[in-house]
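**Q** Give the three-dimensional model of this entry:
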Amino acid sequence: MPRARSRSGAEPHGFPVRGVARVLRAVRVPLGLAAALLLAAACTRSPGPGSRAPGDANEHDVAAGAFVEGATDTSPTLDAEATLEQAEAALAADDAARAVALFGRVLVSPALTDERAALAWIGLAQAHEKLRDCTAAIRAYDTYLARFPSGEHAVGAQARRGACEAELEEWEQSAATFHAIAELPDELPSARVEALAREGYALFMLDRMDEADARLALADEIYERAGKERTERFASTQFVGMARFYRAAILHRRFRDVEIRLPEAAMQAAFTAKLELLVKAQDAYEHAIAAKHMFWVSAAGYQLGHLFSELYDALMHAPVPEWLDARQREVYFEELEKQARPVVTKAIWVFEKNLETARRLGYESEFITRTEEKLGHLQAVMLSDDVGLGQPHPRLADDEAGDPDEAIDAPPAEGQGSASDRKLFVPRPTPL
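**A** Next up is the predicted model:
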């Protein structure tokens, strides 16, 4: 691309304009993205229900009252087998409050055998999950594991407990739980991939990025090896997509962490580092899209477009040498905007492809909604003439973030809400 010059014929000073052409040449349009997005249709599977807000107080009061009523019924005439069947039927019918009462009733029956007690504890835990009472579910799973450490449902109970721990943002416990599962011998590749992906996510939320990346990379390696060796055909690539997405997210975080500061030599080194991370993050998001799980396709597509928006902001809002006078600043930003506009074009293209694929498949998710909003915002900003002379365009990546200095993608600080409230990463990939 020829280097644009101002109407006066003079090229402004400062690294961003002189170096931006090299930056833009290195940032390729991801030509394989459109095909990869469309290929996702071949293996599309709807995501899980995700996290919902806990049920209202009345629902939990009913469940608690029902459990107390059920647990105190120790009538010697209780038919434990029939009551257990009723509890399982209530659970299957999504009548979780009744299921809690019935499981509680049968678990205090002296006539209950160990084999049936194991099923009752698992059922009780699942009923609490349906009521979004993760604390009670963990207690039930812990009781099952204490009584039946080698039971038929032991590994499943550990996995569900780890998911509940993640729902409660008990990241240390969740990471430890899934680490133990991932290290078990003789587990299927799909089970190990899920455990590693969930462990990596918990480590990510603990800001232990190197450890998280190692576990997520191992998950992808196990999946690739299973395909080559044909040891297992995965029924879903949900956790493959999750592992790849969070590896890309780690690179995205590192891209953001590179600060552009004067003097000019430091700026040049920072832009070089930022560009290298952008290219790596771009490759990683495209690798997540290639997993062909539609939830992670939409998430990665959105973040890839956002990545280009952030590059544009880094270029446009880099420090300007103080010695530039008003006229020089005007020329500087005029030229910089011309040079950086292809970056926005790439972002718009990615967002459009994300929306096109989702609409073709009839798929909806939070990331599709965000993609549509972001696309409209970018188009409005770039078409606007409301830019002061000698000033950069408004930031493209901060329209949803409130305070642009807020670390929106970092693990939430005390009292700041859950991971599902943060913009950069997905709303709780631990659906119950």
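**Q** what sits against the nearest residue to residue 130 once chain neighbours are set aside?
**A** Nearest non-adjacent residue to residue 130, counting by C-beta to C-beta, 6 or more residues apart in numbering: residue 96, 3.8 Å away. C-beta coordinates here come from the backbone N, C-alpha and C atoms, glycine included. Counting by C-beta atoms under 8 Å, 6 or more residues apart in numbering, residue 96 makes contact with 63, 90, 127-128, 130-131.
**Q** How many neighbouring residues does residue 165 have?
**A** 24 (other C-beta atoms under 10 Å).
**Q** before we move on, the earlier item: now, the contacts of residue 96 that are in helices?
**A** Among the contacts of residue 96, the ones falling in helices (DSSP state H) are 63, 90, 127-128, 130.
**Q** surely residue 182 meets residue 199?
**A** Yes: with contacts counted by C-beta atoms under 8 Å, residue 182 reaches residue 199, the gap being 6.1 Å.
**Q** Quick check: the gap between residue 366 and residue 264.
**A** Using C-beta to C-beta, to the nearest Å, one gets 41 Å for the distance from residue 366 to residue 264.
**Q** List the buried residues of stretch 92-104.
**A** For stretch 92-104, burial by neighbour count (16 or more other C-beta atoms under 10 Å) applies to 95-104.
**Q** what is the rounded mean pLDDT of it?
**A** Averaging pLDDT along stretch 92-104 gives 96.
**Q** try stretch 331-348
**A** When pLDDT is averaged along stretch 331-348, the result is 79.
**Q** Start the count at 630 instead of 1 going forward.
**A** Let's use 630 as the start, then, which means that last one is stretch 960-977.
**Q** For residue 760, the count of nearby residues, please.
**A** Residue 760: 21 surrounding residues under other C-beta under 10 Å.
**Q** no wait, residue 858
**A** Using other C-beta under 10 Å, the number of residues around residue 858 comes to 9.
**Q** How about the one 10 residues further on?
**A** Using other C-beta under 10 Å as the criterion, residue 868 is surrounded by 26 other residues.
**Q** how far away is it from residue 821?
**A** Per C-beta to C-beta, residue 868 is found 10 Å from residue 821.
**Q** Next: residue 915.
**A** Residue 915 is 24 Å from residue 821, where distance means C-beta to C-beta.
**Q** the strands in the stretch 680-829 of the chain, which residues?
**A** For the stretch 680-829 of the chain, no strands are identified by DSSP state E, counting those that start in this stretch.
**Q** so where is it shaky, pLDDT-wise?
**A** Low-confidence segments of the stretch 680-829 of the chain (pLDDT under 70): 680-706.
**Q** now swap in the stretch 880-1029 of the chain and tell me
**A** In the predicted model of the stretch 880-1029 of the chain, residues 1010-1023, 1025-1029 satisfy pLDDT under 70.
**Q** can you give me the helices in it?
**A** 893-918, 923-945, 955-990, 995-1012 (DSSP state H, counting those that start in this stretch).
**Q** Report the angle between the last one and helix 955-990.
**A** Taking axes from the mean of the first three to the mean of the last three C-alpha atoms, to 10 degrees, helix 995-1012 and helix 955-990 form an angle of 150 degrees between their directions.
**Q** From the chain's centroid, how far away is helix 995-1012?
**A** 19 Å (C-alpha atoms, centre = their mean, to the nearest Å).
**Q** on that earlier part again, out of the ones in helices among the contacts of residue 725, which is most surrounded?
**A** Counting neighbours by other C-beta under 10 Å, residue 756 leads those with 31 neighbours.
**Q** ok, that residue touching residue 722?
**A** No: with contact defined as C-beta under 8 Å, residue 756 does not reach residue 722; the gap is 11.3 Å.
**Q** Compute the number of surrounding residues for residue 967.
**A** Neighbours of residue 967 (other C-beta under 10 Å): 15.
**Q** Ok, the one 5 residues further on next?
**A** Residue 972: 25 surrounding residues under other C-beta under 10 Å.
**Q** Share the number of residues neighbouring the closest residue to residue 772 other than its chain neighbours, please.
**A** Of all residues not flanking residue 772 in the chain, residue 750 sits nearest, at 5.7 Å (C-beta to C-beta, 6+ apart). Other residues lying near residue 750 total 24 when counted by other C-beta under 10 Å.
**Q** can you check residue 758 too?
**A** Neighbour count for residue 758, taken as other C-beta under 10 Å: 21.
**Q** Surely it is in contact with residue 770?
**A** No: look at residue 758 against residue 770 with C-beta under 8 Å: they stay out of range, at 9.4 Å.
**Q** Please identify every residue contacting each of these two.
**A** Both residue 758 and residue 770 are in contact with 789, 793, where contact means C-beta under 8 Å, 6+ apart.
**Q** For residue 983, give me its contacts.
**A** Counting by C-beta under 8 Å, 6+ apart, residue 983 makes contact with 666, 926-927, 930-931, 934, 996-997, 1000.
**Q** In ChimeraX, how would I select just the buried ones from the residues you listed?
**A** ChimeraX command restricting those to the buried ones, with burial defined by 16+ other C-beta under 10 Å:
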select :666,926,927,930,931,934,996,997,1000
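**Q** Dump the contacts of residue 983 to a markdown table, plus distance to residue 943.
**A** Shown next, in a markdown table, are the contacts of residue 983 (distance: C-beta to C-beta, whole Å):
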| residue | distance to residue 943 |
| --- | --- |
| 666 | 26 |
| 926 | 26 |
| 927 | 25 |
| 930 | 21 |
| 931 | 19 |
| 934 | 15 |
| 996 | 23 |
| 997 | 26 |
| 1000 | 21 |
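**Q** Which one of the contacts of residue 983 is nearest to residue 859?
**A** Of all these, residue 859 sits closest to residue 926, with 24.9 Å by C-beta to C-beta.
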